[in-house]
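**Student:** could you look at this predicted model? Sequence included:
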Amino acid sequence: MYILLCGNGTYYTSSTIDLDLRLEQHKAGEGSNHTKKYQPVELVYFEEFELVADAFKREKQVQGWGRKKKEALINSRPDLLVELSKRKTKKDITKS
């Protein structure tokens with residue numbers, strides 16, 4: 001599972017069996033429509049898994065996260081992951 005920072009400031013999250021090859025594909029504009037459109041791309045985070053199914057599960061989990069939570073992961077801040085995972089209450093939402 002890996003996260004790329006795209007040229008427009010967005011994060012692209014995916015998984016692959018061969019990270020080096022996939023990065024070259026993304027950089028050549030052959031990886032995905034998103035990374036092709038928002039060049040250049042930079043690898044900012046990755047995790048390795050023994051099983052492809054586990055990598056895919058983690059990919060889907062991280063894809064569902066907001067920007068701040070992804071940045072906490074990228075910046076090795078597990079303490080923030082817990083806080084960012086808490087559901088907002090009605091009171092919190094009305095303060096926003």
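**Tutor:** Noted; the coordinates are in hand. Numbering: from 1, shown residues only.
**Student:** what about residue 41, how many neighbours?
**Tutor:** Neighbour count for residue 41, taken as other C-beta atoms under 10 Å: 20. Yep, even glycine has a C-beta here, placed from its N, CA and C like the rest.
**Student:** tell me the contacts of it?
**Tutor:** 4-7, 12, 23, 26-27, 31, 35 (C-beta atoms under 8 Å, 6 or more residues apart in numbering).
**Student:** quick check: mean pLDDT of whichever strand or helix holds residue 54?
**Tutor:** Using DSSP states H and E, residue 54 maps to helix 52-63. Across helix 52-63, pLDDT averages out at 96.
**Student:** show me what the helix or strand following it is packed up against.
**Tutor:** Scanning forward in sequence from helix 52-63 by DSSP H and E, the next helix or strand is helix 67-74. In terms of contacts (3 or more C-beta pairs under 8 Å, 6 or more residues apart in numbering; DSSP states H and E), helix 67-74 is packed against strand 2-6, strand 11-14, strand 41-46, helix 78-85.
**Student:** could you rerun that using 10 Å?
**Tutor:** strand 2-6, strand 11-14, strand 41-46, helix 52-63, helix 78-85 (3 or more C-beta pairs under 10 Å, 6 or more residues apart in numbering; DSSP states H and E).
**Student:** list the buried ones in stretch 66-82?
**Tutor:** Going by neighbour count (16 or more other C-beta atoms under 10 Å), the buried part of stretch 66-82 is 69-73.
**Student:** okay, those residues in a markdown table with pLDDT and distance to residue 83 next?
**Tutor:** Converted to a markdown table, the buried residues of stretch 66-82 look like this (pLDDT from 0 to 100; distance: C-beta to C-beta, whole Å):
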| residue | pLDDT | distance to residue 83 |
| --- | --- | --- |
| 69 | 95 | 9 |
| 70 | 96 | 14 |
| 71 | 96 | 13 |
| 72 | 95 | 9 |
| 73 | 96 | 13 |
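**Student:** helix 67-74 and the helix holding residue 54, what's the angle between them?
**Tutor:** Put simply, helix 52-63 runs at 130 degrees to helix 67-74, going by axes from the mean of the first three to the mean of the last three C-alpha atoms, to 10 degrees.
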